[in-house]
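Visitor: Got a sequence here, can you build the structure:
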Amino acid sequence: MKFISARDAKTHLAATLRDCQESRVVITRHGKPVAMLLGCEGYDLEDLWWATNERFWKDIEQSRGQPERTYDLAEVRSRLTSKAAERRAPHGGKRKKRP
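Guide: Numbers count the residues shown, from 1 in each chain. As a prediction, this is how the structure comes out:
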């Protein structure tokens, strides 16, 4: 981990950005930490979004606490077939009569 003053980070921004790709860079003001730079070169924007999404990680943590559930192929096919039928007939299969 590297420490750099806010003034030096601003003056040497390109070098600071290069450094944060290899290890964390802590930016200090008057000797106290105010920010940390963490490189993300090589990551997709979507990966970064998921990695920093608090709700996503709460859902992951919650699902880890539940027993694993498996489905056999017949049950999966049945569920998919019934959902497809619901999409085709959103009003319970009843069509409105035209005037």
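
Visitor: Now the residue nearest the centre of the chain. Nearest residue, chain neighbours left out?
Guide: By Cα atoms, centre = their mean, the chain has its centre lying nearest to W50, at 0.7 Å. Nearest residue to W50, sequence neighbours excluded (Cβ to Cβ, 6 or more residues apart in numbering): F56, at 5.6 Å. Where C-beta positions appear, they are placed from N, C-alpha and C, glycine not excepted.

Visitor: So what does the residue nearest to the centre of the chain look like in phi/psi?
Guide: Phi and psi for W50, reported as degrees, to the nearest 10, are phi -60, psi -40.

Visitor: re earlier: what helix or strand does the residue nearest to W50 sit in?
Guide: Secondary structure from DSSP states H and E places F56 in helix 54-64.

Visitor: With Q21 instead?
Guide: Per DSSP H and E: Q21 is located in helix 13-22.

Visitor: Against which helices or strands is that helix packed?
Guide: strand 2-5, strand 32-37 (3 or more Cβ pairs under 8 Å, 6 or more residues apart in numbering; DSSP states H and E).

Visitor: now the angle from whichever helix or strand comes after it to helix 13-22?
Guide: The C-terminal neighbour of helix 13-22 among helices and strands, as given by DSSP H and E, is strand 25-29. Our comparison of strand 25-29 with helix 13-22, counting by axes from the mean of the first three to the mean of the last three Cα atoms, to 10 degrees, yields an angle of 130 degrees.

Visitor: Lovely, talk soon.
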